[in-house]
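**Q** sequence plus predicted model, see below.
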Amino acid sequence: MQNYEIRAMARKQLQGKWGLALGTFLLIQIILVGITYLGTFIGILSDVRWIAYIIAVIFTPVFTLGKCRFSLNLATDKDAANLEDAFSQFNLFFKALGLFILQTIIIYVGLILLIVPGIILSFSLSQSYYVLVENPDKSIIDCLKESNTIMKGYKWKLFCLYFSFIGWSMLALLTCGIGTLWLTPYIETSMACFYKDITKANYDNTIEFQ
């Protein structure tokens, strides 16, 4: 699919589910902000100011997986999506944390060497959370490898998909951020549709060459 078709598919899947999607993503954001503030408060009491960052890092990956699970359900069968998806990945808590840490290290090293390789790596590994959600038994390394594999030939397409939301992002800012309540579900669902599209394309290519 072309990017405009991916966005159209996202809008179609969101029909009748905007309230659910908005509420789910907003709840996740509120929880993560609350965790960060709690960490800040603990840091002030203990005089260890960086503890807020550590706590945020610990909990963000598992909720990222939850967002991916919810978005994939919307993209695949929107009636299967529910609020509980946001909290459905805690059985993968440590694997999600390990994936986040390793992915961050790889991208950071790429950025240190040269900025462009780091950016390319970030796009190559961008699908690893989706891979883990759909394949919870895969190792962290396998998730990163599979993301790199399925993104071959699609990094520019993903960049263009992200860039296509620039206008909407600017409009959301003009509403003092209120517009992001609707923009976030649109972007997240589009990214899940993108993942489903490229995995299907890779599968079709594999069948073709067998």
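**A** Received, thanks.
**Q** where do the helices sit along this structure?
**A** In the chain, the helices defined using DSSP state H lie at 3-14, 18-46, 51-76, 93-113, 115-124, 128-134, 140-150, 155-163, 166-174, 180-209.
**Q** nearest to A86, out of the ones you listed?
**A** Smallest distance to A86 across the helices of the chain (CB to CB): 4.1 Å, for helix 51-76. Yep, even glycine has a C-beta here, placed from its N, CA and C like the rest.
**Q** now for the closest one, which elements pack on it?
**A** helix 3-14, helix 18-46, helix 93-113, helix 128-134, helix 180-209 (3 or more CB pairs under 8 Å, 6 or more residues apart in numbering; DSSP states H and E).
**Q** which among these is found nearest to E146?
**A** helix 128-134 (4.8 Å).
**Q** quick one: the closest one to chain centroid distance?
**A** 9 Å (CA atoms, centre = their mean, to the nearest Å).
**Q** repeat for stretch 66-78
**A** 11 Å.
**Q** OK, contacts around A172?
**A** I178, G179, T180, L183 (CB atoms under 8 Å, 6 or more residues apart in numbering).
**Q** now, which of those residues sits nearest Q15?
**A** So of these, ranked by how close each gets to Q15 (CB to CB), first place is L183, at 16.4 Å.
**Q** once you drop chain neighbours, what's closest to the closest one?
**A** A172 (4.9 Å; CB to CB, 6 or more residues apart in numbering).
**Q** coming back round to it: of the helices and strands packed on helix 51-76, which is nearest S122?
**A** For S122, the closest of the helices and strands packed on helix 51-76 is helix 93-113, at 5.0 Å, according to CB to CB.
**Q** could you say what helices and strands that closest one packs with?
**A** Against helix 93-113 (3+ CB pairs under 8 Å, 6+ apart) you get helix 51-76, helix 115-124, helix 128-134, helix 140-150.
**Q** would you turn those into JSON lines with mean neighbour count, distance to F94 and mean pLDDT?
**A** Compiled in JSON lines, those are given as follows (neighbours: other CB atoms under 10 Å; distance: least, CB to CB, whole Å; pLDDT from 0 to 100):
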{"stretch": "helix 51-76", "mean neighbour count": "21", "distance to F94": "9", "mean pLDDT": "90"}
{"stretch": "helix 115-124", "mean neighbour count": "16", "distance to F94": "23", "mean pLDDT": "87"}
{"stretch": "helix 128-134", "mean neighbour count": "24", "distance to F94": "12", "mean pLDDT": "97"}
{"stretch": "helix 140-150", "mean neighbour count": "18", "distance to F94": "10", "mean pLDDT": "96"}
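**Q** between those, which gets nearest to F93?
**A** Per CB to CB, nearest to F93 of the helices and strands packed on helix 93-113: helix 51-76, 4.9 Å.
**Q** work out the gap between the closest one and the centre of the chain.
**A** Taking mean C-alpha positions (CA atoms, centre = their mean), helix 51-76 and its chain are 7 Å apart.
**Q** could you shift the numbering so residue one becomes 220, and keep it that way?
**A** In the new count, where the first residue is 220, that last one comes out as helix 270-295.
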